[in-house]
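Engineer: Let's see this in three dimensions:
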Amino acid sequence: MLLYEDKVSGSRQQDAAIDEAIRIVQFIRNKSLRLWMEQRGTSKNDVQTNCAVLAKAYPFASRLNSQARQASASRAWFAISRFYEHCKNNQPGKKGYPTFQHHNRSVEYKTSGWKLDADGRHSIFTDGCGIGRLKLVENKQQSIETFPIKAIKRVRLVRRADGYSVQFCLKTERKVEHVPTGRKMGIDVGLKAYLTDSEGNTIENPRHSRKAEKKLARLQRRLSRKQKQSANRKKARKALAKQHLKVQRQREDVARTVANASVSSCDLIAYEDLQIRNMVKNHKLAKSIHDAGWGIFLQWVKRYALLHGIPVIAVAPHFTSQKCSECGTIVKNRSVFAPMFVLAVE
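Structural biologist: Got it, this is the predicted structure:
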C-alpha cells in the first residue's frame, strides 16, 4: 500500500462537518467495543452487523456512509484482536486491553461516499454529513490525478493541529532498483551521536525537542493561565499543538533522510536490537531517548530495506558494551559491531 497525502482547504461549515463525521466514527467504535465487553463470545461479524443496528437506533449515525461505519467497527476489532494476540503470545507487561476512545482524529471511507472531481484538484464527499467539495492543496512532487481511481482503496480525512488533510491509500507495488555497493554496515543509535556506523562515521543528534524546549514551556505556561472553556484557551492549546507537531515532523524527516541514505549505500545492514520500551522506563534517559527517535528511525530502515531488497539483521545487544563495568576501560575487541559482522558474514 502507498499512502498519498494532501492538505485540504474548505469553509468553516465544511470543517464542522468533518468534525461531526469524526465524532460519529468515535461513537461507533466505542459502541462496538461496549458490545464486545458486555456480550461474551462476540465475533468480528457481530461487531460489523451491529453498525446497521446503531444506524437505525441513532439517526445522527446514519448520516455517515455505511462503509465508513464498517471501517469504524473494524478499528474496534483491531484493538480487540491485538489484545487477544498479546495474551496468546504471553507478551510481558501490559497486554493492551482495549479502551474507549476520547480524541479520535480521522474518518475513513472505503470505495463509496467519496469521489474525485474531473480536474483532479478537488475531492467530493457525498454522504449525509455534508462535507461536500474540498480543494486539494497539491503535493509539489506528484498529483493524485496521475494514479488510477481503481487503485484507491481507502480515503481518510485527518484532523491535525495545522488543519485538515486527506489521505489516499493506493494498492500498488513499489520497488526500488538497488545499485550494489559491496558494503556491509553495522549501525548503532545513541544519544550523543544520532548514528554511528561500523566505519566510524557519525551523525550528530539534532535534539529537536531540546531545542524547542523553552518555546514549548512558554506555550504550556500560556495555556495554563487561560480560563477553561474559553476561546483564548482554545487558541493557546492550538498554538502548543502546532509546535509539538512541528517537532514531530522534524524528527521524522531526519529519520527518513538518514535511513534512506544508509540503505541506498549498503548491501546489508545490521543493527543492535535494543528494547526501547524497557529503556524509556529510566526516567533520567526517557526524554532523551524519545527525542532521538530510535524506534521511528529503525522502522524507516526496515521499510526502505524492503523496497531495495536488502537484508536487515537485528543483533542481540548482549556483550556489545565497549566499557568495562568495573574500571570503565574501553575494550575494543568487544566492539558493538563485532557480533553484527559475524552474523553478516554467516
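
Engineer: what does the model give the one residue sitting closest to the centre of the chain for pLDDT?
Structural biologist: Taking Cα atoms, centre = their mean, the centroid of the chain lies closest to residue 296, which sits 8.8 Å from it. For residue 296, the pLDDT comes out at 93.

Engineer: which residues of the stretch 201-346 of the chain score low on pLDDT?
Structural biologist: Residue ranges of the stretch 201-346 of the chain with pLDDT under 70: 319-346.

Engineer: Against residue 304, how distant is the residue nearest to the centre of the chain?
Structural biologist: Counting by Cβ to Cβ, to the nearest Å, the gap from residue 296 to residue 304 is 13 Å. For glycine as for every other residue, the C-beta is placed from the backbone atoms N, C-alpha and C.

Engineer: Contact partners for residue 33?
Structural biologist: Neighbouring residues of residue 33 by Cβ atoms under 8 Å, 6 or more residues apart in numbering: 76, 79, 80, 98, 100.

Engineer: Got the confidence number for it?
Structural biologist: Residue 33 is given a pLDDT of 95.

Engineer: Check residue 2 too.
Structural biologist: 81.

Engineer: The one 5 residues further on too?
Structural biologist: At residue 7 the predicted local confidence, pLDDT, stands at 90.

Engineer: thought it was touching residue 159?
Structural biologist: No. The pair residue 7 / residue 159 is not scored as a contact, 11.6 Å apart, by Cβ atoms under 8 Å.

Engineer: Provide the secondary structure category for residue 168.
Structural biologist: strand (DSSP: H, G, I helix; E, B strand; the rest coil).

Engineer: What about it, how many residues nearby?
Structural biologist: A total of 21 residues lie near residue 168 under the criterion other Cβ atoms under 10 Å.

Engineer: Now it: closest residue in space that isn't a chain neighbour?
Structural biologist: Leaving out its chain neighbours, the residue that sits closest to residue 168 by Cβ to Cβ, 6 or more residues apart in numbering is residue 4, at 4.5 Å.

Engineer: which element is that neighbour on?
Structural biologist: Element membership for residue 4, per DSSP states H and E: strand 2-9.

Engineer: Could I have the CA atoms of that strand written out in PDB?
Structural biologist: C-alpha atoms of strand 2-9 as PDB (Å, rounded to 0.1, in the frame of the first residue of the first chain):
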ATOM      1  CA  LEU A   2       1.200   3.500  -0.800                       C
ATOM      2  CA  LEU A   3      -0.100   6.500   1.200                       C
ATOM      3  CA  TYR A   4      -0.500   9.800  -0.600                       C
ATOM      4  CA  GLU A   5      -1.500  12.800   1.500                       C
ATOM      5  CA  ASP A   6      -2.700  16.300   0.600                       C
ATOM      6  CA  LYS A   7      -3.900  19.200   2.700                       C
ATOM      7  CA  VAL A   8      -7.500  20.300   2.100                       C
ATOM      8  CA  SER A   9      -9.000  23.700   2.100                       C
END
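
Engineer: buried set for it?
Structural biologist: 4, 6, 7, 8 (16 or more other Cβ atoms under 10 Å).

Engineer: give me every residue that touches residue 284.
Structural biologist: If you count contacts by Cβ under 8 Å, 6+ apart, residue 284 has none.

Engineer: got a list of contacts for the strand holding residue 4?
Structural biologist: By Cβ under 8 Å, 6+ apart, the list of residues contacting strand 2-9 reads 123, 134-139, 142, 144, 147, 157, 163-172, 174.
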